[in-house]
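Q: structure of the sequence below:
(one chain, ligands or ions: 1)
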Amino acid sequence: MKGLLAACSLMIGSVAMAQEPAYDLSFFSNSRMKGDYFFSRTTDEGNSWIESVGNKLPVSERYAHTPGNSLKLEYTDGKQGKWTATIRREDKRGQDFFAKPKFLSFWIYLPSGQNTGMFPVVQLIKGDSTLSKEVIFQVAKKDQWSQVLIPYNLLGPGFDGDQLRRITAIRFTQSIKDDLKKNFYIDDIELLPENYKTAAGYTPAIVSAKGYSKHIDLAWKPVSNPAVRYVKIYRSGDGKNFKPIGIQEAFTSRYADFTGITGETWSYKISLLNHNYDETALSPAVKASTKELSDSAMLDMVQEASFRYYWEGAEKASGLAKENIAGRHNMIATGASGFGIMALITGAERKFITRQQAVDRFVQIVGFLERADKFHGVVGHFYDGPSAKVEPFFGKRDNGGDLVEHSFLVQGLLAARAYFNGNDAKEKMIRERITKFWEQSEWDWYRRYPDSKFLYWHWSPDQAWVINHQLIGWNETMVTYLLAIASPTHGVPASMYYSGWANQDSTGKKYRSNWGETEEGSAYTNGNTYFGIKLDVGVSNGGPLFFTHYSYMGYDPHGITDKYTNYFTNNQHIAQINHAYAIQNPGKYKGYSDSAWGLTASDGPDGYSADEPVLRQDRGKLAPTGAISSFPYTPEASMKALKNFYNNYGAFLWGEYGFRDAVNLSQNWTSDIYMGLNQAPMTVMIENYRTGLIWKLFMSDRDVQAGLKKLEAAR
Ligand code: CA
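A: Below is the predicted model of the structure:
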């Protein structure tokens, strides 16, 4: 998919906001998957040898410094040969601020009965393959974890300051030629800012433990002490013998322990670790049991966990949604926030929070939106929450208004304007401020020319129209045209829906065939049949599933019919094609089936990509949001996927905010992050399937209705 999501393909990581909290640069703490560690690579030649699983390092659950695992290095230092083990830094979106290191630190477990002698050489590697100086380390103690602390300046110049983010890997290589076989385990490989010697000095306490069908959800009081690096979780089956089972980042106050067993009781304790892994005393124990859940309770579970991304996981100053967790702590994404707003309403209605809690959050949100930079009334893609300044995360050209993100945000806000219908001062204020925000949005400015056929995606005061991206469907941006037409103050002619969105001249055809890499559907309409399913509108065989989600979380597609199709039916067909593709599985990817499907845009082993049900855009990666946010279109197939993802893959795929972003079973990879664009659609679209709540609220809006009447008249 070229061209579409153009902003996402620009350089990530541009202008630094000084106050963004830094991460310790880490190469390894745990592997989410068993067997081999995805971000590693081994080589050996001659009579040297290193144990590997498909040229990757084996993961050991038997030994772990931080639970649950470490990496195993077993090798022979051949007289005529060489082995290497390289561990790549997982380049997590937005984890691009690193604390100035004083040490390279890692922990070694040397089992007794092993050959001793020289340990390997260690070096850091930058993206341009530059190697740091070689350092050789020594560990003497056996049958225990020992920390290796290497002063950072021993690694030589060129790996500090601005160069930190260019460090891509750490490499261990053979240092001696003695033909001996050796073995050790390694864990928590990272650059440490200081050698923290003091214990965290903070009393841990679990505040809730709740059992679901195969996992226990633990929550503790938020940890504010910056000396705390991790929360360590212990579990016991008998209430007496507690074993460490996992760690959680200190900025998250929740942990999902997926035991995979239903109808069992466990006790839990937690402790806190500082940056040097000194541990506090353990908290008092809490107890919870897993139990059978009805289908309805399973839906509640997924809705609530995903909702928490926007509730507990929100950026603190704005109350809005982060781009991804774990990523930048202060940065919000506006489109994801619009989706999150609809998830918050769903959460209030399902009593995950009280209405009053929701009101207070929305008072904060509308206050932030009033302060935030705007560009002819239109918000940018990303903001620094504390300053409310736009943040050009996708590159310096993208430093102004983003009409598509704006429309996703407005979609949520208009649903909120309908939801907060109370007469008290706060609810009134929320409605009034949303109205002001909506009526100040200059959709007509984003036509660029007075007689333009198209809306344009971006504009900024100093870059003007330099990105030059015309909005042409069919894709995720229908809501942008519908809202621009619906605006009571800065509306555009309804004819632009046909001249721009559904454009059928050479501009539209070229745009679609360029990103779809096919002529199918390049004239907006398609007309072909895929897997026996007719597709009226759509490029290729329908594209990624988020096309059927983002514009239709508020807009009820049952109510949108144009010259060419009805969009509930068309979306349903796109979801069915996506499902049928996974059953056929032409790429022969591991796991694809009737109950494991849903190609869409998500994080992946090689970064973010928009996957589609065609071989050239299928990377073997499944994002739970694909199938689950399609609930209104394919309830049976979506439920099967939900149960399969949870029951069979929950051990690595389920976490504190519900399903992690994506999984690629063929590559033994699971995403470590949750994404703001992908969690809320699950909560909201399940709700639209169950009760139609968000659809009803949004569609009750007078301006929305007036816009649809204008569209009808232009047909
Ligand atoms: Ca570990």
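Q: any regions of the stretch 101-250 of the chain where pLDDT drops low?
A: For the stretch 101-250 of the chain, residues meeting the criterion pLDDT under 70 lie at 195-201.
Q: ugh, typo on my part, it should be the chain
A: Residue ranges of the chain with pLDDT under 70: 1-18, 195-201.
Q: okay, now the residue of it at minimum distance from the ion: neighbour count?
A: The nearest approach of the chain to the ion comes at residue 66, 3.7 Å away (C-beta to the ion). C-beta coordinates here come from the backbone N, C-alpha and C atoms, glycine included. Neighbourhood size, residue 66 [other C-beta atoms under 10 Å]: 21.
Q: hey, what's residue 593 bridged with?
A: residue 596 (DSSP bridges).
Q: I figured it was touching residue 583, is that so?
A: Yes: the criterion here is C-beta atoms under 8 Å, and residue 593 meets it with residue 583 at 6.6 Å.
Q: after the longest strand along the chain, next one along is what?
A: In the chain, with assignment by DSSP state E, the single longest strand is strand 181-192. Going down the chain from strand 181-192, the next helix or strand is strand 206-211, by DSSP states H and E.
Q: toward the C-terminus, what is the element adjacent to that following strand?
A: Downstream of strand 206-211, the next assigned helix or strand under DSSP H and E is strand 215-220.
Q: pairing partners for that next one, with directions?
A: Partners of strand 215-220 in its sheet, by DSSP bridges: strand 206-211 (antiparallel), strand 254-258 (antiparallel).
Q: mind checking how far the residue nearest to residue 119 when sequence neighbours are not counted is from residue 599?
A: Excluding its sequence neighbours, the residue lying closest to residue 119 (C-beta to C-beta, 6 or more residues apart in numbering) is residue 137, at 5.4 Å. As for residue 137, its distance to residue 599 is 45 Å (criterion: C-beta to C-beta, to the nearest Å).
Q: looking at those two, which is more packed in?
A: In terms of neighbours (other C-beta under 10 Å), residue 599 is the more surrounded of residue 137 and residue 599; the figures are 29 against 18.
Q: quick one, what contacts the more buried one?
A: By C-beta atoms under 8 Å, 6 or more residues apart in numbering, the contact list for residue 599 reads 544-545, 578, 581-582, 611-613, 617-618, 621-623, 626.
Q: residue 112 now?
A: 142-143.
Q: hang on, it in a strand?
A: No: counting by DSSP: H, G, I helix; E, B strand; the rest coil, one finds residue 112 to be coil, located in no strand.
Q: check which residues of the strand or helix carrying residue 481 are buried.
A: Residue 481 is part of helix 478-486 when elements are defined by DSSP H and E. Going by neighbour count (16 or more other C-beta atoms under 10 Å), the buried part of helix 478-486 is 478-486.
Q: then stretch 589-608?
A: Buried-residue list, stretch 589-608, by 16+ other C-beta under 10 Å: 589, 591-592, 595-605, 608.
Q: now, the most widely separated pair of these?
A: Greatest spatial distance among the buried residues of stretch 589-608 (C-beta to C-beta): 595 and 608, at 25.1 Å.
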